[in-house]
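S.K.: model this:
(one chain, ligands or ions: 1)
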Amino acid sequence: MAFWSSTSVFTSKVPRKMLFMFTLSLSVTYLFYSLMSCYNSLQFPLQENYVYQGRLVTEETTFVTLREKLYSTSPQGYLDEELIEVTAAEKTVAISTVKDNVETEQRTLDWVRNQAAPTKTAAVYQSPALEREHQEFSTTDNELRVNCTSDYGVKKLPQAIIIGVKKGGTRALLEALRVHPDIRAVGNEPHFFDRNYEKGLDWYRDLMPSTLEGQITMEKTPSYFVTSHAPKRIHTMARDIKLIIVVRNPVTRAISDYTQTLSKKPEIPTFEVLAFKNRTLGLIDASWSALRIGIYALHLETWMQYFPLAQMHFVSGERLIVDPAGEMGKVQDFLGLKRIVTDKHFYFNKTKGFPCLKKPEDSSTPRCLGKSKGRTHPKIDPDVIRRLHKFFKPFNMMFYQMTGQNFEWELEEGSDSRGSQN
Ligand SMILES: Nc1ncnc2c1ncn2[C@@H]1O[C@H](COP(=O)(O)OS(=O)(=O)O)[C@@H](OP(=O)(O)O)[C@H]1O
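M.R.: So this is what the prediction gives:
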């Protein structure tokens, strides 16, 4: 409660003058951005070699200066060959491991869905066909289609999407939401608006589970948040869609992201190496995807060109762990649903170190997310963590201002909030 009341105080205290300055700075930003695009063909999500000199950050930094620093190119001849190789290797992993990702998601589906809610729709939810649908996961189109065999109702395009962020806690949120009898969600990540758009809306709709009158169709694909063309595409499909974004301290998120890559490619360099273009000079490699994803303010700027804030709901990834029912309450309100998923549905599992869903009495299926969620993070040099906090701070401030919510990540400075301590 204290967090949310401090949030509203934060909003109400933003003076008109500041809002005016903010709007002005955004306009100047676009001007600057256009000029940059003309002269250097720089577009934020596509720009690969930008570096960031974290030392220059001050709290008064505006969007313009932040962007300037982010886009300023590295000193001539400075490109680090090892990093380039690694980035290419990581890209290969990203492409070739779509299957791995799905397998990873499969492991997360230890979290059971057949919640014993005493409603008619819940009975449908627990049908054997749906259980199969949830358990059979694969990457191929055909298999995806098989996963979504129709039962009662009709398949609809989603009315709400969890668009991000990667490693924010999106799976935990979706699985908890699926407990709600009025929500039907596809278990897999469709990646329609980034990788499969050319397959068309019919293909996308076909992936969705069937819904009855009044039920909401949902999906989650965390990469949408950082996909520059996703906002326009989603807007074209449904301008009134509800967007949910789970955000987490960008430093912890980066370490979580790195931990995932490391689990698949143990030979990659250390986090400390990848985070810098030049550590001695303090040049942070903001083009490294693990860091770039965490610059939430810049990604959000793109979404705000298409959707009003009222259509977006931001979930705190940290609070989703310490108070899942509280976060769930707000998400259900945002979706216009009755608060059915409450603290009665969660318990803290000491072995897992995370909240899990309570078992229905008649099931022995585990109710926690799988091993790929809640991994132990490698220990990262505290000095690097401190520098990254400093790097992200102005972007975080901008993000708080844009959303009107203070996620209080600065309080975690100096540590990976869960780090190797978990
Ligand atoms: N209840 C519960 N159980 C397990 N894990 C939980 C839970 N709630 C949030 N989290 C955090 O979710 C992080 C993974 O985020 P995502 O599901 O968004 O990852 S992914 O992008 O889909 O790969 C995962 O990150 P890591 O801890 O770094 O593995 C968790 O911290």
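S.K.: Show me where the stretch 151-300 of the chain has its helices.
M.R.: With helices called from DSSP state H, counting those that start in this stretch, the stretch 151-300 of the chain shows them at 170-177, 200-207, 230-237, 250-264, 271-275, 289-292, 296-304.
S.K.: Leu369 is nearest to which of the ones you listed?
M.R.: helix 170-177 (6.0 Å; C-beta to C-beta). No exception for glycine: its C-beta is placed from N, CA and C like everyone else's.
S.K.: circling back to that earlier point, quick one, which of the helices of the stretch 151-300 of the chain is packed in tightest?
M.R.: Ranked by mean neighbour count under mean count of other C-beta atoms under 10 Å, the helices of the stretch 151-300 of the chain are led by helix 170-177, which reaches a mean of 24.
S.K.: Can you name every helix or strand that that one contacts?
M.R.: In terms of contacts (3 or more C-beta pairs under 8 Å, 6 or more residues apart in numbering; DSSP states H and E), helix 170-177 is packed against helix 98-108, strand 160-164, strand 183-185, strand 216-220, strand 242-247, helix 317-322, helix 324-334, strand 354-357.
S.K.: Could you dump those into a markdown table with mean pLDDT added?
M.R.: Putting those into a markdown table (pLDDT from 0 to 100) gives the following:
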| stretch | mean pLDDT |
| --- | --- |
| helix 98-108 | 38 |
| strand 160-164 | 98 |
| strand 183-185 | 98 |
| strand 216-220 | 98 |
| strand 242-247 | 98 |
| helix 317-322 | 98 |
| helix 324-334 | 98 |
| strand 354-357 | 96 |
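S.K.: Including mean neighbour count and distance to the ligand, could those go into TSV?
M.R.: Below are the helices and strands packed on helix 170-177 laid out as TSV (neighbours: other C-beta atoms under 10 Å; distance: least, C-beta to the nearest ligand atom, whole Å):
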stretch	mean neighbour count	distance to the ligand
helix 98-108	16	7
strand 160-164	27	8
strand 183-185	25	13
strand 216-220	23	7
strand 242-247	24	6
helix 317-322	20	5
helix 324-334	19	7
strand 354-357	22	3
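S.K.: These into a markdown table, with extra columns for distance to Leu369?
M.R.: Below are those laid out as a markdown table (distance: least, C-beta to C-beta, whole Å):
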| stretch | distance to Leu369 |
| --- | --- |
| helix 98-108 | 5 |
| strand 160-164 | 15 |
| strand 183-185 | 15 |
| strand 216-220 | 13 |
| strand 242-247 | 14 |
| helix 317-322 | 11 |
| helix 324-334 | 12 |
| strand 354-357 | 7 |
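S.K.: Among those, which comes closest to Leu283?
M.R.: Nearest of the helices and strands packed on helix 170-177 (C-beta to C-beta): strand 242-247, 25.8 Å.
S.K.: hmm, back to that, with mean pLDDT and distance to the ligand added, can I get the helices of the stretch 151-300 of the chain in JSON lines?
M.R.: JSON lines is the format used below for the helices of the stretch 151-300 of the chain (pLDDT from 0 to 100; distance: least, C-beta to the nearest ligand atom, whole Å):
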{"stretch": "helix 170-177", "mean pLDDT": "98", "distance to the ligand": "3"}
{"stretch": "helix 200-207", "mean pLDDT": "98", "distance to the ligand": "17"}
{"stretch": "helix 230-237", "mean pLDDT": "98", "distance to the ligand": "15"}
{"stretch": "helix 250-264", "mean pLDDT": "98", "distance to the ligand": "3"}
{"stretch": "helix 271-275", "mean pLDDT": "98", "distance to the ligand": "13"}
{"stretch": "helix 289-292", "mean pLDDT": "98", "distance to the ligand": "12"}
{"stretch": "helix 296-304", "mean pLDDT": "98", "distance to the ligand": "14"}
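S.K.: Low-confidence regions, the protein specifically.
M.R.: 1-16, 18-20, 22-151, 360-366, 413-422 (pLDDT under 70).
S.K.: So which residues on it come close to the ligand?
M.R.: Residues of the chain lying close to the ligand by C-beta under 6 Å from any ligand atom are 166-172, 222, 256, 259, 320-321, 354-355, 369, 373-375.
S.K.: Which parts of the chain belong to which domain?
M.R.: Per automatic domain parsing, the domain ranges recorded for the chain read 2-94+273-299+383-421, 97-249+303-357.
S.K.: residues touching Arg339, list them.
M.R.: Applying C-beta atoms under 8 Å, 6 or more residues apart in numbering to Arg339 gives the contacts Met328, Gly329, Gln332, Asp333.
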